[in-house]
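In: Coordinates for the following, if possible.
(one chain, ligands or ions: 1)
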Amino acid sequence: MTAAGPVVGDVGELELLRLLQPHLADTSERLLVPSGDDGAVWQPVAGKAVVTTTDSLVQEVHFHRSDGDTNLYRDLGWKLLAVSLSDIAAMGATPGPSFFAITLPSDWPVADLEVLYEGLAECAERWASDLAGGNLSSGEIAVLTSVCLGEVAPDRVLRRGGAEAGWSLAVTGRLGAAAAALRLVHQPGSEEERTIAAGTATAWRTRLRRPLPRLVEAQALVDAGVGVCMDVSDGVFFDARRLLRDGLGLLIDADTLPLAEGVRESFPDAWLEIAGGGEDYELPFAGPAETVQTACGRIEALGTEARVIGRFDGGLGVRLLGARGLAEPAPDVGHGHFGPS
Ligand SMILES: [Mg+2]
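Out: As a prediction, this is how the structure comes out:
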């Protein structure tokens, strides 16, 4: 157990909602009816379209309760919202209100739920989303769901489809930190764990637990004329397939993959798998070479790295250009639910 004191089953739904109310948004110019009614009412800016995204963190799939880590629940709250906001970014939208649906076993400490809300509220405030309501329910395992609304001018929507042969693929930030952190969690006491600098391991772990939605960078992409984008949740090789269609392939240059600091050195035999391991929440984006270069420059002006990693062609699937100049199928790594993809 990570917190002492009452558990949610002792307190009841109404009292829990009263406890959590201070973390929720008040009425504002745009949030006409906040939480506390049967539904929230939000007024998007005239002429903008509404984007909706949703994501879930499921106990035993995305996290384990027996972590023994007091910050786990605060970080879970942050991540719950951040992953939905990452999808808002990948659509080219700016955040509106957000919502949650939380199912918990009745033996969850109330203090852990409160800390989870603090993490949610912290993330909402950081990215200017109004935490506008939600639902609590009891269940066998914890299932945490977030829903975010966003708004976007119809001509600024980013889509996965539409890349053309000859276009460049670039990506924001660096890859592999979250997957490297997970490896250390799953292989405690490994050679890697013993030799990695503490600061490096902490930086990886922070990226795993507190992803940063690339909302500002996405706007720079759109401003530069990019129209094709997605976010990396399941791994860059796995997700990049979603940009393809019949007759359109992608060649990624392994040497150009921007890896998180320390990954290549710490995992000399596994860095490629880690690069495609997922949960990066970076934005791969595509366009004609010149447009992508302009976009990379604008993103770097914001203080975030951005780098061309590949080129679309008429080949089959996602292939990797290796050190010997030969193209091979990209490693079959990344995360797909419900078995083989
Ligand atoms: Mg996504």
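In: which bits of the stretch 101-250 of the chain sit near the ion?
Out: Selection of the stretch 101-250 of the chain residues close to the ion by C-beta under 5 Å from the ion yields residue 231. Bear in mind the C-beta positions are built from the backbone N, C-alpha and C, glycine included.
In: quick one, helices of the stretch 101-250 of the chain?
Out: Applying DSSP state H, counting those that start in this stretch to the stretch 101-250 of the chain gives helices spanning 110-126, 177-186, 191-195, 198-209, 215-223, 236-240.
In: what angle sits between the fifth one and helix 110-126?
Out: Calculated by axes from the mean of the first three to the mean of the last three C-alpha atoms, to 10 degrees, helix 215-223 forms an angle of 30 degrees with helix 110-126.
In: So which bits of helix 215-223 are buried?
Out: Residues of helix 215-223 classed as buried by neighbour count (16 or more other C-beta atoms under 10 Å): 215, 217-222.
In: same thing with the second one?
Out: With burial defined by 16+ other C-beta under 10 Å, the residues of helix 177-186 counted as buried are 177-184.
In: any weak-confidence spans in the stretch 51-200 of the chain?
Out: By pLDDT under 70, the low-scoring segments of the stretch 51-200 of the chain are 66-70.
In: Mind telling me which residue of it is nearest the ion?
Out: The ion sits closest to residue 87 of the stretch 51-200 of the chain, with a gap of 4.4 Å, by C-beta to the ion.
In: circling back: quick check, nearest of the buried residues of helix 177-186 to residue 263?
Out: For the buried residues of helix 177-186, the closest approach to residue 263 (C-beta to C-beta) belongs to residue 180, at 5.2 Å.
In: rewinding a little: now distance to residue 326 too, for the buried residues of helix 177-186, in CSV please.
Out: Shown next, in CSV, are the buried residues of helix 177-186 (distance: C-beta to C-beta, whole Å):
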residue, distance to residue 326
177, 28
178, 29
179, 25
180, 26
181, 31
182, 30
183, 27
184, 32
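In: What is the nearest of these to residue 289?
Out: Of all those, residue 177 has the smallest distance to residue 289: 27.8 Å, by C-beta to C-beta.
In: from memory that closest one sits against residue 203, does it?
Out: Yes: using C-beta atoms under 8 Å, residue 177 is in contact with residue 203, at 6.7 Å.
In: Common neighbours of the two, please.
Out: Shared contacts of residue 177 and residue 203, defined by C-beta atoms under 8 Å, 6 or more residues apart in numbering, are found at residue 260.
In: before we move on, back to that, which of the buried residues of helix 215-223 lies closest to the ion?
Out: For those, the nearest to the ion is residue 218 (11.8 Å; C-beta to the ion).
In: Next one: the closest one, what pLDDT does it get?
Out: You'll see residue 218 listed with a pLDDT of 98.
In: any idea how far the residue nearest to it when sequence neighbours are not counted is from residue 150?
Out: Nearest residue to residue 218 in three dimensions, chain neighbours excluded: residue 89, at 4.2 Å (C-beta to C-beta, 6 or more residues apart in numbering). Note on residue 89: its distance to residue 150, by C-beta to C-beta, to the nearest Å, is 9 Å.
In: Tell me how far the host helix or strand of residue 73 lies from the chain's centre.
Out: Using DSSP states H and E, the element containing residue 73 is helix 72-90. Relative to the centre of its chain, helix 72-90 is centred 6 Å away, using C-alpha atoms, centre = their mean, to the nearest Å.
In: Kindly report the same for stretch 273-288.
Out: When distances are taken as C-alpha atoms, centre = their mean, stretch 273-288 is centred 11 Å away from the chain's centroid.
In: start to end distance for it?
Out: End-to-end span of stretch 273-288 (C-alpha to C-alpha, to the nearest Å): 28 Å.
In: mean confidence score for it?
Out: Mean pLDDT, computed over stretch 273-288, is 96.
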